[in-house]
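A.B. asks: everything below, folded, please.
(chains A and B)
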Amino acid sequence: MTQLNRRQFLAGATATAAALAAPSVHAQKAGGTLRFVAQADLKILDPVWTTAYITRNHSYLVYDTLFGTDEKLQVRPQMVDRHSVSRDGMKYSFTLRDGLKWHDGQPVVAEDCVESLKRWMKKDRFGRLLAAHGPRLAAGDRKTFTLELGEKFGPVLEALGKPSSNVPFMMPARIAATSADEQVKEIVGSGPFRFVKDEWQPGNQVVYVKHADYVPRNEAPSGSAGGKQVHLDKVVWRYMPDAATASAALGAGEIDWWEIPPIDFIAKVEQNAALSSFLPDALGTQGWLRPNHLHPPFNNKKARQALVHMMSQETYLQAAIGVPKYFRTCPSVFACAGPYASKAGAEGLARQNMERARQLVKESGYDGRPVTVVHITDIGFLNAAALVTRELMTAAGFNVDLKAMDWSTGLAVRAKKDPPDKGGWNVLHTWWMAADVMHPAVHFGVSGAGPGAWFGWPEIPQLEKLITEFVRATEQPRRKQLAEEVQKVALDEVAYVPWGEWMQPTAFRKNVNGILKFIAPLFWNVSIA
Amino acid sequence: MLAEILRRLVATIPVMVVVALAVFALLHVTPGDPAVIIAGDYATSDDIARIRTRLGLDQPFHVQVGIWLGRLVRGDLGTSIFSGLPVATLIGQRAATTIWLTLFAMLISVGVGVPIGVVAAWRRGSWLDRVIMLFAVSGFSMPTFWLGFILVYVFAITAGWLPVQGYQPMAMGVWPFLRHLVLPALTLSIVYMALIARMTRASMLGVLEEDYIRTAFAKGLAPRWVLLRHALKNASLPVVTIIGIGFALLIGGAVVTESVFALPGLGRLTVDAIVRRDYPVIQGVLLVVSGVYVLINLVVDVLYVVLDPRIRY
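C.D. replies: Residues are numbered from 1 along each chain as shown, chains lettered A, B, ... in the order given. You can find the predicted model right below:
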């Protein structure tokens, strides 16, 4: 089945309109250097080796993808020119576009893509689910390759076009042959920008220059899909850990674009006539309260359910984010702006009922032992969330012991399966970009795989069964129905408790044009007036 | 003297070994695990265990120390766990910024602190002395980050004379290089300026009571000559000590200034590495900085001999 059809034409037209609605619309001027303050320090360059968002963002400049996701969350071909699916849905054939070249000047061939996908499938959650369905990848000629499934797997294209970590970025076969547990040594992509390793200073700057041989699709850009037209000669990422410094530098014109200004700084940005801000990612970010299922009291379902009934998302969001226009309550475990948002089974989550919470604590047989809540103090919103949790859990009848620590220590603590009195934990807080909690195949919070699940290790076989059914379903209504089932079970068993969603604005000088809406900052289509 | 310097240099080796071992031991009792940070949010326990094995973090402590010391003997400071870049390269990228910042800050501190300390001692009890001491107390009391932002607000944002942040190497031109260093160096120097001024004043006050100073004035020498040639030289030993300590502290302690002005220096490299538990980088930087401390102490000891020939080692 050739995919250039009416539906895609309409999607392209929609994307064109969306691109025109981007924050600044001016005549685009070629050339120049864009100075950008990134959300974090880029230390790891391999997008398969790590799931760090900063590495994903870096990789969108350097690498290209077989498929992209547009801002309407539709998967569209990117490096792929055309593809077809066999009648039984078991065999996918892909043909690459003409003119694709690696940054070392070599042509992109099908074998490169095959090796890249094999490496990605060893690391990524969605990729591992695909790998569990026995796919056989094989290169045909230099431009074509096939993916033949051993078992039915519905969202193959969604997996190949997934927008967030780990994104299946393409690398030359010789580099993709690196073990997935080792970091690649050489950064060679085929994306619209080339990484300048000699100018990379971890902790200070990353430099990219235009990939002169890049051939964009002849389409309007939309998200990571469409034509990646490059108007800049050079992009310089700076790392500025101090928000006040970044704010002053943006105001003084020493930088052009500040990816993630703290929300407290947005009012100042809005007061400056030379600056602008907008929300590039309408999906936002979801906050989590995660109980540890291994140890008392949360190895008891009723104690976990008390956490759902004590939840007041409004309270958490007020404390953690503070500015109502940047947050929303959301009783769904799947992103509220995404296609699988649902209120199924979320009645308890939607309305706080402290009396019911207290009753459940009693029924759980909780013996008053201290409940260790990991309290991350160096990330503002996690600090606030932990303080709210202490208040609410105490009101529900728990004896709360807040353990203050920095984020790095928190990462080590959360990996411990030991009991809380031996260095382990009972409750932690974290956050995920909503793109990573869009549906059951990418959402770690609804995994019930026990030791193989995310930290907290819930063992809920029914969830695993439903997720397998979800990825085997080929029709969207059936997937939607299964996602609702997943949500009902996840909330009933309390795999975790979402504490709401918030949106992160970005800030830039008004001479920067063409910033695209996406979950990561994209540098094609961007120009400096 | 040369033999003494050589003896002292050789004596630094066991000091450095002790420092290296202490740093290694401290890091390994500090909570945190780089494998967990590398593994990221999706990692399972098996993923983390695999990364720990690959990084050698599952080896017994003495084996890890042995591997590290073995590399060190060959002049290899190791490789960053995260970026994969050699630690020596990372230090090389940052050293120039910190060295220039330290030199400029110390130049300002000494250039202002010593003269005002001398004047304060000479005019003891006068309004000038009180003004200088008020400045010294204020200099101690102002937090560096606060002062940095005030200077940025006044000279960069309001006046627009100087850049808000960043560092330009001298290769990009002397003027841009100087413009980017002025505010950070000034910010960093205020505390040391105050410290040196107070120390100079206190030391001068003791010397100015000496008989030979009275004699020099009685001989009819000009006050400026007495102060600089007779009093300051004899009062300089404690000041030189403070300058030496100041240099050492500046090299390792410029992290707040580097953060406020987004300077890529050794202080920020160290803090970033600590935050991520990038053990090879922390160990490498601390070893180099401790080596610099030892060398600065040696230079101070040599200066003692130059300034006071009565001192013998």
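
A.B. asks: how near is the residue of chain A most remote from its centre to chain B?
C.D. replies: No residue in chain A sits farther from the centre than A:Asp367, which is 38.8 Å out by Cα atoms, centre = their mean. Taking Cβ to the nearest Cβ, to the nearest Å as the measure, A:Asp367 falls 28 Å from chain B. Every residue, glycine included, has its C-beta placed from N, CA and C.

A.B. asks: now do the phi/psi pair for that residue.
C.D. replies: Backbone geometry at A:Asp367, expressed as degrees, to the nearest 10, gives phi -100, psi 10.

A.B. asks: so what's it up against?
C.D. replies: Residues counted as contacts of A:Asp367 (Cβ atoms under 8 Å, 6 or more residues apart in numbering or on different chains) are A:296-297.

A.B. asks: residues in contact with A:Asp81?
C.D. replies: Counting by Cβ under 8 Å, 6+ apart, A:Asp81 touches A:95-98.

A.B. asks: quick revisit: could you report the pLDDT at the residue farthest from the centre of chain A?
C.D. replies: Looking at A:Asp367, its pLDDT stands at 95.

A.B. asks: hmm, back to that, of the contacts of A:Asp81, just say which sits nearest to chain B.
C.D. replies: Nearest to chain B out of the contacts of A:Asp81 is A:Leu96 (Cβ to the nearest Cβ; 28.8 Å).

A.B. asks: hang on, the closest one packs against A:Thr144?
C.D. replies: Yes: between A:Leu96 and A:Thr144 there is a contact at 7.4 Å, judged by Cβ atoms under 8 Å.

A.B. asks: name the element A:Tyr92 belongs to?
C.D. replies: If you go by DSSP states H and E, A:Tyr92 is part of strand A:91-96.

A.B. asks: what is that strand packed up against?
C.D. replies: Strand A:91-96 sits against strand A:80-85, helix A:110-123, strand A:144-148, with contacts defined as 3 or more Cβ pairs under 8 Å, 6 or more residues apart in numbering or on different chains; DSSP states H and E.

A.B. asks: just checking, what packs against the shortest one?
C.D. replies: This means strand A:144-148. Under the contact definition 3+ Cβ pairs under 8 Å, 6+ apart, strand A:144-148 sits against strand A:91-96, helix A:110-123, strand A:136-139.

A.B. asks: how distant is whichever strand or helix holds B:Gln283 from the center of its chain?
C.D. replies: Using DSSP H and E, B:Gln283 maps to helix B:279-307. The chain centre lies 10 Å from the centre of helix B:279-307; the measure is Cα atoms, centre = their mean, to the nearest Å.

A.B. asks: so which bits of it are buried?
C.D. replies: B:279-290, B:292-294, B:296-298, B:300-301, B:303-304 (16 or more other Cβ atoms under 10 Å in any protein chain shown).

A.B. asks: thinking again about what came up before, show me which of A:Leu96 and A:Thr144 is the more surrounded one.
C.D. replies: A:Leu96 (24 against 18; other Cβ atoms under 10 Å in any protein chain shown).

A.B. asks: so who does the residue in the stretch 151-300 of chain B positioned nearest to chain A touch?
C.D. replies: Nearest to chain A in the stretch 151-300 of chain B, going by Cβ to the nearest Cβ, is B:Pro264, at a distance of 3.5 Å. Counting by Cβ under 8 Å, 6+ apart, B:Pro264 makes contact with A:201, A:203-205, B:93-94, B:97, B:167, B:258.

A.B. asks: not counting its neighbours along the chain, what's nearest it?
C.D. replies: Nearest residue to B:Pro264, sequence neighbours excluded (Cβ to Cβ, 6 or more residues apart in numbering or on different chains): A:Asn204, at 3.5 Å.

A.B. asks: can you check A:Leu411 too?
C.D. replies: In this structure, A:Leu411 finds its nearest non-sequential neighbour in B:Val36, 4.5 Å apart by Cβ to Cβ, 6+ apart.

A.B. asks: measure the one you found to A:Phe94 for me?
C.D. replies: For B:Val36, the distance to A:Phe94 equals 37 Å [Cβ to Cβ, to the nearest Å].

A.B. asks: quick check: A:Pro505 touching A:Glu259?
C.D. replies: No: here A:Pro505 lies out of contact with A:Glu259, judged by Cβ under 8 Å, at a distance of 10.1 Å.

A.B. asks: right, and the helix or strand after the helix or strand encompassing B:Ile190?
C.D. replies: Per DSSP H and E, B:Ile190 falls inside helix B:174-208. Sequence order places helix B:211-218 as the next helix or strand after helix B:174-208, per DSSP H and E.

A.B. asks: give me the pLDDT for A:Ala52.
C.D. replies: Reported pLDDT for A:Ala52: 86.

A.B. asks: ok, it - contacts?
C.D. replies: The neighbours of A:Ala52, taking Cβ under 8 Å, 6+ apart as the test, are A:40, A:44, A:165, B:40.

A.B. asks: count the neighbours of the first one for me.
C.D. replies: A:Ala40 is surrounded by 14 other residues when neighbours are defined as other Cβ under 10 Å.

A.B. asks: where does pLDDT dip in the chain?
C.D. replies: By default, I'm working from chain A. Low-confidence segments of chain A (pLDDT under 70): A:1-30.

A.B. asks: my question was about chain B
C.D. replies: Scanning chain B for pLDDT under 70 picks out B:41-42, B:252-253, B:313.

A.B. asks: thinking again about what came up before, please identify the most buried of the helices and strands packed on strand A:91-96.
C.D. replies: With neighbours taken as mean count of other Cβ atoms under 10 Å in any protein chain shown, the helices and strands packed on strand A:91-96 reach their highest mean count in helix A:110-123, at a mean of 22.
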